[in-house]
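Participant: My questions are about this predicted structure, shown below with the sequence.
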Amino acid sequence: MIDDSWYRRPKGLRERHAAGGVVVRWDGHQILLALARERGHTDYVLPKGHIEAGEKIECAARREIEEEVGVSKLQLVEKLGTKERLDFHKKEWKITHYFLYSTEQIDAVPTDTTHHESMSWVPLDPLPVFFWPEQRALIEENARQIREAVDRKD
């Protein structure tokens with residue numbers, strides 16, 4: 001269970017930076033988010049992951065999005081900020097940089113299914129259940145920017 005203990009940094013824990021994004025599109029009726037499902041879990045996660053040596057943060061976010069949800073046609077809107085917590089194994093302190101992207105891409109297939117078994121386009125309203133509470137909070141905190149990012153072409 002993910003509780004407050006995941007968001008308290010123990011002393012001496014090594015830091016690791018990651019990058020990811022909130023990917024949105026307008027389907028003619030509503031705003032949709034590109035979300036991944038982790039293997040063995042039913043809750044959703046935002047696409048994100050490690051930053052490779054020498055890789056720029058925003059480039060890492062794009063790569064992780066393509067790997068985990070299969071969306072490659074991305075328009076950068078803005079940086080949303082960072083969220084911090086323990087990593088899944090509670091061995092490192094993870095600082096994840098999140099960006100907001102819009103897309104018109106509909107069909108998407110993850111290119112790396114090692115950790116994520118599928119992707120889904122899910123409505124912004126109401127938000128689904130997220131595995132990591134800080135990811136849901138990120139979307140709620142940036143709801144205005146997310147709504148403004150979508151080009152509503154009816």
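Facilitator: On my side now, so go ahead.
Participant: Least confident secondary structure element in the protein?
Facilitator: Taking mean pLDDT, DSSP states H and E as the measure, the chain has strand 116-123 as its least confident helix or strand, at a mean of 90.
Participant: which other helices and strands contact that one?
Facilitator: In this structure, strand 116-123 packs against strand 31-38, strand 44-45, helix 57-69, with contacts taken as 3 or more Cβ pairs under 8 Å, 6 or more residues apart in numbering; DSSP states H and E. Placement of C-beta: from N, CA and C, glycine included.
Participant: quick one: contacts of the first one?
Facilitator: If you take Cβ atoms under 8 Å, 6 or more residues apart in numbering as the criterion, strand 31-38 is touched by 22-26, 43-47, 65, 68-69, 71, 103, 108, 110, 115-125, 128, 131, 139, 146-147, 150.
Participant: Now the buried members of those.
Facilitator: For the contacts of strand 31-38, a neighbour count by 16 or more other Cβ atoms under 10 Å gives the buried set as 22-26, 44-47, 65, 68-69, 71, 103, 108, 110, 115-116, 119, 121, 124, 131, 139, 146, 150.
Participant: now the strands: where do they sit in this protein?
Facilitator: Secondary structure of the chain by DSSP state E: the strands cover 15-26, 31-38, 44-45, 48-50, 75-86, 93-102, 116-123.
Participant: Can you tell me the closest non-neighbouring residue to Ala137?
Facilitator: Among residues not flanking Ala137 along the chain, Lys83 sits closest, at 7.6 Å (Cβ to Cβ, 6 or more residues apart in numbering).
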